[in-house]
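Asks: please find the sequence and the predicted model below.
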There are 2 protein chains.
Amino acid sequence: MIHPSTRTLVSELPSHVGRTVTVNGWVRTSRLQRTMQFVLLRDHTGTVQLTHRRDGSAIEAALEGAAVESAVRVTGTVVANPAVKLGGLELLPESVEVLAPAAGPLPVDEQSGPEHRQDWRFLDLRRRPAAGLALTVASTLEQGLREYALAQGCTELHTPKLMATASESGAEVFKLDYFGGAAYLAQSPQFYKQTAIAAGIDRVFEVGPVFRAEPSYTSRHATEFTGVDVELGWTAGVEEVQAFEEGMIAHALALVAERHGARIREEFGVEVTVPATPFPRITMADAQQRLRAAGWDPEGEKTDLDPAGERLLAELVGEETGHEFVFVTHYPSEIRPFYHARPAGRPDLTLSFDLLWRGLEVTTGAQREHRHEVLAEQAVEKGMALESLADYLNNFRYGCPPHGGFGMGLNRMLMVLLGLASIRDAVFLFRGPNRLTP
Amino acid sequence: MIHPSTRTLVSELPSHVGRTVTVNGWVRTSRLQRTMQFVLLRDHTGTVQLTHRRDGSAIEAALEGAAVESAVRVTGTVVANPAVKLGGLELLPESVEVLAPAAGPLPVDEQSGPEHRQDWRFLDLRRRPAAGLALTVASTLEQGLREYALAQGCTELHTPKLMATASESGAEVFKLDYFGGAAYLAQSPQFYKQTAIAAGIDRVFEVGPVFRAEPSYTSRHATEFTGVDVELGWTAGVEEVQAFEEGMIAHALALVAERHGARIREEFGVEVTVPATPFPRITMADAQQRLRAAGWDPEGEKTDLDPAGERLLAELVGEETGHEFVFVTHYPSEIRPFYHARPAGRPDLTLSFDLLWRGLEVTTGAQREHRHEVLAEQAVEKGMALESLADYLNNFRYGCPPHGGFGMGLNRMLMVLLGLASIRDAVFLFRGPNRLTP
C-alpha cells in the first residue's frame, strides 16, 4: 500500500514494538491526570493508547489542547505494556501535531435521534463503529457481486440516467429542465440493458444510481439508491437467470463472510453464512395456497404478496428447508410489466420471479419477451402508448435474441444482511422525499 | 461459465471438431447458391461458416428465410475444412431455429452519418466490431482502475446524485422538480467524497454518472458521462495523490494491453503500452514559459492552457521524455476552485494538477484545503455564498484530516486510449444538449 512514507496504521503496531513510528488518527478520549496524560487515538484500523508523563513540553500542551475528534499526527515509540488493555501496547509520543482541531462540544452523540444523526452523518459514521462497518461491508458485497458477474462473461456498462420519456411509468420519475425541454431520471436501467443485448453485448452488468419519485416514507424506501443490474443474452429460460443470481449472491456472501464475518458478529450480532445453491423455489400460486392455509389474507383478495405475506412465506419455507432465500416464480401477468415473457399457452402468467431474503424482497427478475409483435401487443394490453416506446421497440426489430435478467437493490441487500432497521443506515448519504442534505 | 447446457461459443469450436454442438448467433452474410447454402454466423467471440447442401428440408427453408442480422440457433457437426477461410472450420447444420427474424432492409450501415448511427446505436454496435470492442475495453479499463484502488485500501462508495443546492457553480447543473421543491444533479462527487474522508473512511473510490448542463457541442463533451473519483485521507501532500493516480493508470493499461492489445491493434491501429512511472511533471509557470518560447499565445494573455497549448505541451514533453503523460502542477488560484489547497506563503498558487494524456486533459486533482477557517476565507474570496456551503463546511469543523484526490473521465480516457474521434464512440448511449435518445 502507498502511504505517506512515515505512516503506520494502528493495526500494524504489534510488529513495530521498540521502534519509532508515526500514527495518524482522531482523539477518541482523553484522560488528563495530574502527572500523566492518557489519550486514545483511533484510525480506521483500531485504537492505540498514547501515554505521556507531563514535562511542560510542547507534547504536553498539544495533548492538553486536543479536543475529542481532533485529527492528530503522533510520532513515538511503540512499547509493550501488558497493563494496557488495547493489545498490550502503548505509544510514547516524541512529537504531537494537531492537524485539524475539533470544535467542541460535538453536535451528535449516541443518544441523538435518527434525523439528527443524518444531519451530522459524517460524525456519526466516524464515531459509531457499526455505522462505518456497514459501508465497508457494502463495498465488499458489491465487489463480490461484480467479481462473479465479470468472471461469468459480463461486460460492465453505464447506461444513461437522463431519458427523453418517462416510459415505464410516468408517475414515479423525476422530471428536469433540459436546455429548455424536459428530461427524466431513469428509475431503472431496464430498457437500456435490453438495448445492450440487442447491441450484441453477450451479458451485461451495471451498478449505478436509480431514482424513484415515490413519496414513500417507509424504512425500506429511498428516492435514490444503488441498483445492481444483470441481463443475459441467449438465455434458454428464466431458470438460467435464477441460477446466475444465486451463484452471484453465494459468491458475494462468501467474500463478505471471509473478510468481515468476525466484525459483523461483534457489531451486529449477525452470523454471515454462505447460502447453499440452488435456493428453494415456489410458484406464486403455491405460495398463496400455503399462505392462505396458514391464515394469510382471509378475505382472499390479494393477487400480490404484501410485506406480511413475504415474511410469513419466508418462515414457512425456512421451517421446511432451513433456507433464508426463496424464489417466488410465475407471477400473474396482471401485476407484472408488459415486457415480462409469458409461458406458451398461459397469458395469465409470467416467466418472472422475485427473490425474498429473510422475508424481504431483494430482487425482481424475468425472462423478457423478445418477439417484437408479441411485445407490442403486451404493451398495448397494458395501456402503454406505443409512440413513447418507439426507441425501445426498435431494439426488437432486427434479431434481438432471447434474454433475461434481474435487478437488485444493493442497499436493501445490505439491510437484510446486517439486520439494519432502516435503509438510512445502509446508504452513505440518504435521500428521501424530506431529505436532500447533507 | 454458466451457459445453457447446449451452447458452444464460436471461439470454442476448434476444440469440438467431429462433435455435434449448438451455436447461437446472428446471420452476418448469406450466400445462397443453386445447390449450396453458405451462411456466416457471428457471436460475440467470432464468426463461423454454416455449409448446407440443399435437400428440400426445413434446414434449407430456415437458411433461405433468415435475413441478415436474424438471431438463430444452429445445431450441427463441426468439420475441419482447410478450404474455409474462417479458421478452417465449418458447421454442417442438423437443425436451424430462427429465434428472432430481422426485418429488412437494415436502417443503418457503414455509410451512415454519425447522428443516424446514434439513432440506431444498437445495430451499429452489433455490426461494427470496433464499436463493440470500445465498450469491452471500457469495461476492462474500469476493472483495472478499480482493482488498483481496492488493493490500495479504497472503499467503493456511491454518493448522492441528488443535491439540495447547486453549490459548486449554479450555471452548469441540471435542476429538477423534487416533491414541489427543487433539487440539482451532482456535477461531480467532489464535496461528497470529502465528506467521506471527514466520516473517517480512509480512502474512497467512486465510479458513477456525472451531469454537466453545459451547452457544449464539441467532440469531447457530453451532458452525462462516467466519472472515476478517488479521495485519499491523511495525505502528506499532493505528490502522494499523483503517485496514486499514475500507479492506477499504469495498472489499468497493463490489464487492457494484456486482454485486448491484439484486437485494439487490429481494429484501431493503436499500440497499448504501459506507461513508465513516475510520469513527467511540469509546473504551470514552466509550461507556459516553454509554450511561449515555442510560439504559443503570442499576445501573452492566457492564464490557463487552451486545447492547442495542451497539445503543444504534450509534443514538447514527448520529444524530451518520450512519455505520453504529463502532470501540469501549481495552477494559479485564480483559475482553480476555492477548495484547492495553496502552498504556504503563495496564495496565488494551488497544490493542484491536471493530467494530460496525448495532449488531452483527462484528470484534475489537488490537495484540498482542510482547515475550516482558511477554506471559508477562500470561498468568500471566490464570491461564494457561505450559506449554500453550510453542510460542506461543517465537514471541516470537527477534525477533518488533510486529504487530496482527483477525478477522471472514464470516457475521455477511452477516447485517448483508442484514438476515437468523438466521445460519442466512447459511451454506450451518448447524451448531449441535442440528444436524449435512444
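Replies: Looks like it came in fine. Residues are numbered from 1 along each chain as shown, chains lettered A, B, ... in the order given.
Asks: so where is chain A shaky, pLDDT-wise?
Replies: Residues of chain A that meet the criterion pLDDT under 70 lie in A:1-5, A:167-171.
Asks: can you rerun that using 90?
Replies: Chain A contains residues with pLDDT under 90 at A:1-6, A:86-87, A:104, A:109-110, A:165-172, A:216-221, A:385, A:388.
Asks: could you chop it up by domain?
Replies: Domains of chain A are assigned by automatic domain parsing as A:10-100, A:122-426.
Asks: turn those into CSV, columns for mean neighbour count and distance to chain B.
Replies: Where you see a C-beta, it was placed from the backbone N, CA and C, and this is true even at glycine. Formatted as CSV, the domains of chain A follow (neighbours: other C-beta atoms under 10 Å in any protein chain shown; distance: least, C-beta to the nearest C-beta, whole Å):
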stretch, mean neighbour count, distance to chain B
domain A:10-100, 17, 4
domain A:122-426, 19, 3
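Asks: so for residue B:123, which of the ones you listed sits nearest?
Replies: Closest approach to residue B:123 among the domains of chain A (C-beta to C-beta): domain A:122-426, 5.9 Å.
Asks: still on that earlier bit, out of the domains of chain A, flag the one nearest residue B:308.
Replies: Closest of these to residue B:308 is domain A:122-426, at 28.1 Å (criterion: C-beta to C-beta).
Asks: picking up where we left off before, can you lay out the domains of chain A as JSON lines showing distance to residue B:255?
Replies: Output for the domains of chain A, formatted as JSON lines (distance: least, C-beta to C-beta, whole Å):
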{"stretch": "domain A:10-100", "distance to residue B:255": "28"}
{"stretch": "domain A:122-426", "distance to residue B:255": "12"}
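Asks: so which residues of chain A form helices?
Replies: A:58-65, A:114-119, A:121-127, A:129-151, A:190-198, A:238-268, A:284-293, A:307-321, A:372-381, A:390-394, A:410-418 (DSSP state H).
Asks: need the contact list for residue A:100.
Replies: Residue A:100 is in contact with A:70-71, B:370-372, B:396, B:399-402, counting by C-beta atoms under 8 Å, 6 or more residues apart in numbering or on different chains.
Asks: partner residues bridging it?
Replies: On the basis of DSSP bridges, residue A:100 is bridged to residue A:71.
Asks: quick one: the helices of chain A as JSON lines, columns for distance to residue B:200 too.
Replies: Below are these laid out as JSON lines (distance: least, C-beta to C-beta, whole Å):
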{"stretch": "helix A:58-65", "distance to residue B:200": "21"}
{"stretch": "helix A:114-119", "distance to residue B:200": "15"}
{"stretch": "helix A:121-127", "distance to residue B:200": "4"}
{"stretch": "helix A:129-151", "distance to residue B:200": "6"}
{"stretch": "helix A:190-198", "distance to residue B:200": "35"}
{"stretch": "helix A:238-268", "distance to residue B:200": "15"}
{"stretch": "helix A:284-293", "distance to residue B:200": "44"}
{"stretch": "helix A:307-321", "distance to residue B:200": "34"}
{"stretch": "helix A:372-381", "distance to residue B:200": "49"}
{"stretch": "helix A:390-394", "distance to residue B:200": "44"}
{"stretch": "helix A:410-418", "distance to residue B:200": "18"}
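Asks: what's the closest of those helices to residue B:129?
Replies: Taking the helices of chain A one by one with C-beta to C-beta, helix A:190-198 is closest: 16.2 Å.
Asks: isn't residue A:360 right up against residue A:412?
Replies: Yes: in this structure, residue A:360 is within contact of residue A:412 by C-beta atoms under 8 Å, at 6.8 Å.
Asks: could you measure from the residue nearest to residue A:227 when sequence neighbours are not counted over to residue A:392?
Replies: Spatial nearest neighbour of residue A:227, excluding adjacent residues (C-beta to C-beta, 6 or more residues apart in numbering or on different chains): residue A:210 at 4.1 Å. Distance of residue A:210 to residue A:392, computed by C-beta to C-beta, to the nearest Å: 17 Å.
Asks: got it, and residue A:131?
Replies: Using C-beta to C-beta, we find residue A:131 at a distance of 41 Å from residue A:392.
Asks: go on, residue A:85?
Replies: In terms of C-beta to C-beta, residue A:85 sits 62 Å off from residue A:392.
Asks: now residue A:242
Replies: Residue A:242 sits 25 Å away from residue A:392 when distances are taken as C-beta to C-beta.
Asks: contact partners for residue A:195?
Replies: A:159, A:392, A:395, B:121-122, B:429, B:438.
Asks: kindly recompute the last result at 7 Å.
Replies: A:395, B:122, B:438 (C-beta atoms under 7 Å, 6 or more residues apart in numbering or on different chains).
Asks: equivalent analysis for residue A:32, please.
Replies: Neighbours of residue A:32 in contact, by C-beta under 7 Å, 6+ apart: residue A:64.
Asks: how near is it to residue A:77?
Replies: According to C-beta to C-beta, residue A:32 stands 21 Å off from residue A:77.
Asks: equivalent analysis for residue A:202, please.
Replies: 58 Å.
Asks: go on, residue A:426?
Replies: Residue A:426 sits 42 Å away from residue A:77, taking C-beta to C-beta as the criterion.
Asks: do the same with residue A:28
Replies: Distance from residue A:28 to residue A:77, by C-beta to C-beta: 21 Å.
Asks: then residue A:239?
Replies: With distances taken as C-beta to C-beta, residue A:239 is found 63 Å from residue A:77.
Asks: so residue A:182 is in contact with residue A:175, correct?
Replies: Yes: counting by C-beta atoms under 7 Å, residue A:182 does reach residue A:175; the two are 5.7 Å apart.
Asks: residue A:327 bridge partners, please.
Replies: Beta-bridge partners recorded for residue A:327 (DSSP bridges): residue A:281, residue A:355.
Asks: so who does it touch?
Replies: When contacts are counted by C-beta under 7 Å, 6+ apart, residue A:327 is found next to A:242, A:279, A:281, A:353, A:355.
Asks: find the residue closest to residue A:116 in space, skipping its chain neighbours.
Replies: Nearest residue to residue A:116 in three dimensions, chain neighbours excluded: residue A:108, at 6.1 Å (C-beta to C-beta, 6+ apart).
Asks: the one you found: neighbour count?
Replies: 19 (other C-beta atoms under 10 Å in any protein chain shown).
Asks: do the same with the one 4 residues further on
Replies: One way to gauge burial is a neighbour count; for residue A:112, by other C-beta under 10 Å, it gives 16.
Asks: from chain B, how far off is it?
Replies: To chain B, residue A:112 is 14 Å away according to C-beta to the nearest C-beta, to the nearest Å.
Asks: next, the contact list for residue A:308, please.
Replies: Applying C-beta under 7 Å, 6+ apart, we find residue A:308 in contact with residue A:296.
Asks: ditto for residue A:220
Replies: So residue A:220 contacts A:412, A:423 (C-beta under 7 Å, 6+ apart).
Asks: residue A:382 reaches residue A:338, doesn't it?
Replies: Yes: with contacts counted by C-beta under 7 Å, residue A:382 reaches residue A:338, the gap being 4.3 Å.
Asks: tell me who's in contact with the closest residue to residue A:99 other than its chain neighbours.
Replies: When the adjacent residues along the chain are set aside, residue A:99 lies closest to residue A:71, with 4.7 Å between them (C-beta to C-beta, 6+ apart). Residues near residue A:71 by C-beta under 7 Å, 6+ apart: A:26, A:99-100, B:399-401.
Asks: same question, residue A:139
Replies: Residues in contact with residue A:139 (C-beta under 7 Å, 6+ apart) are B:155-156.
Asks: apply 10 Å and report the result again.
Replies: By C-beta atoms under 10 Å, 6 or more residues apart in numbering or on different chains, the contact list for residue A:139 reads A:259, B:150, B:154-158, B:201, B:204-205.
Asks: restricted to strands, list those residues.
Replies: Of the positions in those, B:155-156, B:204-205 sit in strands, assigned by DSSP state E.
Asks: I'd like the distance between residue A:318 and residue A:275.
Replies: Taken as C-beta to C-beta, the span from residue A:318 to residue A:275 is 12 Å.
Asks: picking up where we left off before, could I get the contacts of residue A:71 as CSV with distance to residue B:234?
Replies: Putting those into CSV (distance: C-beta to C-beta, whole Å) gives the following:
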residue, distance to residue B:234
A:26, 11
A:99, 8
A:100, 10
B:399, 12
B:400, 11
B:401, 5
